[in-house]
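Enquirer: coordinates only, sequence not included:
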C-alpha cells in the first residue's frame, strides 16, 4: 500500500493488519511501514488509538507528547502513546521505520519502558531494529501472517528495549548472538554463510565473526557444522529418510560431505550410526 501522507516519497511503503477475532494475544500490529520523507512531513493528532514505535534510520526529526519535546536523529527509537495528543515529523528529511500496535499488554509495556525514558539512542544492529526489519520483510513477502507469531515478535521487540534501558547484565552482543543462534536453529536446511548471517543482523562479516566467537567460543562455520551434525543424529534415529535426504535436510551440500563430516566427528558413518539404533 502506498502512503498518502504529505511529504512521503513514492518509495515509501505502508502495511495494514487486521487481527483475527478468534485469538486473544498480548499485542497485535495495526499499521507498519518504512517512510522516506522530506521537510513537509508532519503529523499532528489529538488521538489515534494505538501506541507508536518510531526508529530513525537516517536524517533528523522531532516528536512532542505529554509536554515534552524530543529531537530525533539517526539511531533513535521513540515510543509514543497515541491515545493522547502528539506530534512528530521532520524539518529537513528523514527515513523512518515505524509500527502502530495495541493489545491487552500494550499500556503495561509502554509504562514500563517509560520509566527509562521514551527515547533511546541505540546502534543500528540492536535487536529491536532487527525485529522491526523482520516484521517489515514478512509483510513485504506477502506470506501468511499469524496473530501469535506477530504478537511474539512485538513482545521480543519491546522486551529488548526494556533490557537495553535497564542496562542489565545481559550484554548487547549476547542478545544479538542469542537471536542468531535461534535463527540458525530455525534455518538449518538452508544454505547459511557468514556473509548471509552477518547481513541478516546488519553487521560486517568480520565484526560478526569476532562477536560470535567471543560469545560462543567457536567460529560461526564450526558452530553451523556442529549443530547440523547434532540434528542429523536426531534425523537418523527418528526418520526413514535416506542418508542423502538426511544430508540435505540438515543443510549439507552433498551426501559425501555429510558422511565425511559425520565420521570425523563421531568415528562412524551415518549408516553405522543408524544401524546401532
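Expert: Sure thing, it's come through. The structure presented is a predicted model; accordingly, all values stated were derived computationally and were not measured.
Enquirer: wait, is residue 151 part of a helix?
Expert: Yes: under DSSP: H, G, I helix; E, B strand; the rest coil, residue 151 sits within a helix.
Enquirer: distance of it from residue 28?
Expert: 6 Å (C-beta to C-beta, to the nearest Å). All C-beta spots, glycine's among them, are computed from the backbone N, C-alpha and C.
Enquirer: likewise residue 213?
Expert: From residue 213 to residue 28 the distance is 38 Å (C-beta to C-beta).
Enquirer: When those two are compared, which one has more neighbours?
Expert: The neighbour count for residue 213 versus residue 28, taken as other C-beta atoms under 10 Å, is higher for residue 28 (22 against 15).
Enquirer: which non-adjacent residue is nearest that one?
Expert: residue 19 (4.3 Å; C-beta to C-beta, 6 or more residues apart in numbering).
Enquirer: Around the one you found, count how many other residues there are.
Expert: Neighbours of residue 19 (other C-beta under 10 Å): 17.
Enquirer: what helix or strand is it on?
Expert: Using DSSP states H and E, residue 19 sits in no helix or strand.
Enquirer: residues contacting it?
Expert: 25, 28, 147 (C-beta atoms under 8 Å, 6 or more residues apart in numbering).
Enquirer: what helix or strand does residue 63 sit in?
Expert: Applying DSSP H and E, one finds residue 63 within strand 51-65.
Enquirer: hey, where'd the helices end up in the stretch 1-150 of the chain?
Expert: Using DSSP state H, counting those that start in this stretch, the helices of the stretch 1-150 of the chain run over 106-114, 127-141, 147-166.
Enquirer: For the second one, name the packing helices and strands.
Expert: Same thing as helix 127-141. strand 13-16, strand 28-38, strand 51-65, strand 93-102, helix 147-166, helix 172-186 (3 or more C-beta pairs under 8 Å, 6 or more residues apart in numbering; DSSP states H and E).
Enquirer: how about a cut-off of 7 Å?
Expert: Under the contact criterion of 3 or more C-beta pairs under 7 Å, 6 or more residues apart in numbering; DSSP states H and E, helix 127-141 touches strand 28-38, strand 93-102, helix 147-166, helix 172-186.
Enquirer: quick one: contacts of the longest one?
Expert: Okay, so that is helix 147-166. Contact with helix 147-166 is made by 19-20, 23, 25-29, 77, 101, 109, 112-113, 116-117, 120, 122, 126-128, 131-132, 134-135, 170, 175, as judged by C-beta atoms under 7 Å, 6 or more residues apart in numbering.
Enquirer: Let me see the backbone angles for residue 27.
Expert: Per-residue torsions, residue 27: phi -140, psi 160 (degrees, to the nearest 10).
Enquirer: wouldn't it be in contact with residue 108 here?
Expert: No: using C-beta atoms under 7 Å, residue 27 is not in contact with residue 108; the gap is 10.6 Å.
Enquirer: Have a look at these two and say which one is more surrounded.
Expert: Neighbour comparison, residue 27 and residue 108: the larger count goes to residue 27, with 23 against 12 (by other C-beta under 10 Å).
Enquirer: Quick check: the more buried one vs residue 2, distance?
Expert: Taking C-beta to C-beta, one finds residue 27 at 26 Å from residue 2.
Enquirer: Likewise for residue 112?
Expert: 35 Å.
Enquirer: Over to residue 75?
Expert: 27 Å.
Enquirer: Please say which of the two ends up with more neighbours.
Expert: residue 75 (16 against 10).
Enquirer: remind me which residues of the stretch 151-277 of the chain are low pLDDT?
Expert: 164-175 (pLDDT under 70).
Enquirer: can you map out the helices along it?
Expert: So, for the stretch 151-277 of the chain - with DSSP H, counting those that start in this stretch - the helices run 172-186, 194-200, 205-216, 220-238, 243-249, 255-266, 270-276.
Enquirer: Looking at those helices, which is nearest to residue 41?
Expert: Between residue 41 and those, the tightest spacing by C-beta to C-beta is seen for helix 194-200, at 29.1 Å.
Enquirer: Quick check: beta-bridge partners of residue 52?
Expert: For residue 52, the beta-bridge partners are residue 80, residue 100 (DSSP bridges).
Enquirer: Now do the contacts for it.
Expert: 80, 82, 98, 100.
Enquirer: Can you tell me which of these has the largest number of neighbours?
Expert: So for the contacts of residue 52 (other C-beta under 10 Å), the most neighbours sit at residue 80, 25 neighbours.
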